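Pasted the sequence and its predicted model underneath.
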Amino acid sequence: GQNIDQPTEMTATEGAIVQINCTYQTSGFNGLFWYQQHAGEAPTFLSYNVLDGLEEKGRFSSFLSRSKGYSYLLLKELQMKDSASYLCAVRDSDTGRRALTFGSGTRLQVQP
Amino acid sequence: DTEVTQTPKHLVMGMTNKKSLKCEQHMGHRAMYWYKQKAKKPPELMFVYSYEKLSINESVPSRFSPECPNSSLLNLHLHALQPEDSALYLCASSQGVSGRGYEQYFGPGTRLTVT
């Protein structure tokens, strides 16, 4: 089984940096994904980590520590359009099951 | 082309109706997925098809019946649904089901209302 925890809501200011944390407990681990979802829209892929360390992609970075069951998504130079839900998802490798399980998501509100 | 398309965008159906949701991708992906998402909740996995074969069924009631006619198409047949089945139904695809970078691309979803 899997247990994924994220903060429910966060607020940040335009131009600032925000870090969204995700902790997970899985019986098998085969990668962690971050998705962005605007209200009423489909999730869009942001980043993927399977090894420890930082992956950087423009204004977005994602970090993974497998030993701690911990990841974070870092958003820099926040823009108003970054207001959305951010979903942490884990792919497990247990018994051939390689589908994603999503955390409940973190609703980020960017203020002027 | 990184697009997954879904039809219809909205669907209202009665509890005795039979309807189908359709999903299509032309990215050559060999894995396709159905998720159900209720308001302010994360997507919940329903089914996974890998190389056109059903590989995961997350104990979904039989009133939901998936079908994968070919590698580009995925259908979800609906029959005798309940009002609590009202949700956003998301289709996704990926190159495979494991390995580095096999991120899932989501379609825009079908908003289903059961009356």
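Sure thing, it's come through.

Show me which residues of chain A sit near chain B.
Within chain A, the positions near chain B by Cβ under 8 Å from any Cβ of the partner chain are A:30-31, A:33, A:41-45, A:48, A:50, A:87, A:89, A:91, A:93, A:96-105. Where C-beta positions appear, they are placed from N, C-alpha and C, glycine not excepted.

Please indicate which of those residues are buried?
When neighbours are counted using 16 or more other Cβ atoms under 10 Å in any protein chain shown, the residues of chain A next to chain B contain these buried positions: A:30-31, A:33, A:42-43, A:45, A:48, A:50, A:87, A:89, A:91, A:97-105.

Model confidence for residue 1, exactly?
Using chain A. According to the prediction, A:G1 has pLDDT 62.

my question was about chain B
According to the model's per-residue confidence, B:D1 sits at a pLDDT of 58.

Each with direction, which strands does the worst-scoring helix or strand of chain B on mean pLDDT pair with?
Among the secondary structure pieces of chain B, namely its helices and strands, strand B:53-57 has the lowest mean (mean pLDDT, DSSP states H and E), a mean of 86. Using DSSP bridges, the strands paired with strand B:53-57 are strand B:44-50 (antiparallel).

Give the residue spans of the chain that score low on pLDDT.
Using chain A here. Scanning chain A with the threshold set as pLDDT under 70 gives A:1, A:94-98.

Not quite, go with chain B.
B:1-2, B:97-101.

okay, the helix or strand encompassing A:S61 in PDB with CA atoms only?
When elements are defined using DSSP states H and E, A:S61 is found to belong to strand A:60-65. Output of strand A:60-65 as PDB, limited to C-alpha atoms (Å, rounded to 0.1, in the frame of the first residue of the first chain):
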ATOM      1  CA  PHE A  60      10.500  24.500 -11.300                       C
ATOM      2  CA  SER A  61      12.800  22.100  -9.400                       C
ATOM      3  CA  SER A  62      12.000  18.900  -7.700                       C
ATOM      4  CA  PHE A  63      14.000  17.100  -5.000                       C
ATOM      5  CA  LEU A  64      13.900  13.500  -3.800                       C
ATOM      6  CA  SER A  65      15.300  11.600  -0.800                       C
END
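
Check which residues of that strand are buried.
The neighbour-count check on strand A:60-65 (16+ other Cβ under 10 Å) flags A:F60, A:S61, A:S62, A:F63, A:L64 as buried.

now it: how far from the chain's centre is it?
Distance, stretch centre to chain centre, for strand A:60-65: 8 Å (Cα atoms, centre = their mean, to the nearest Å).
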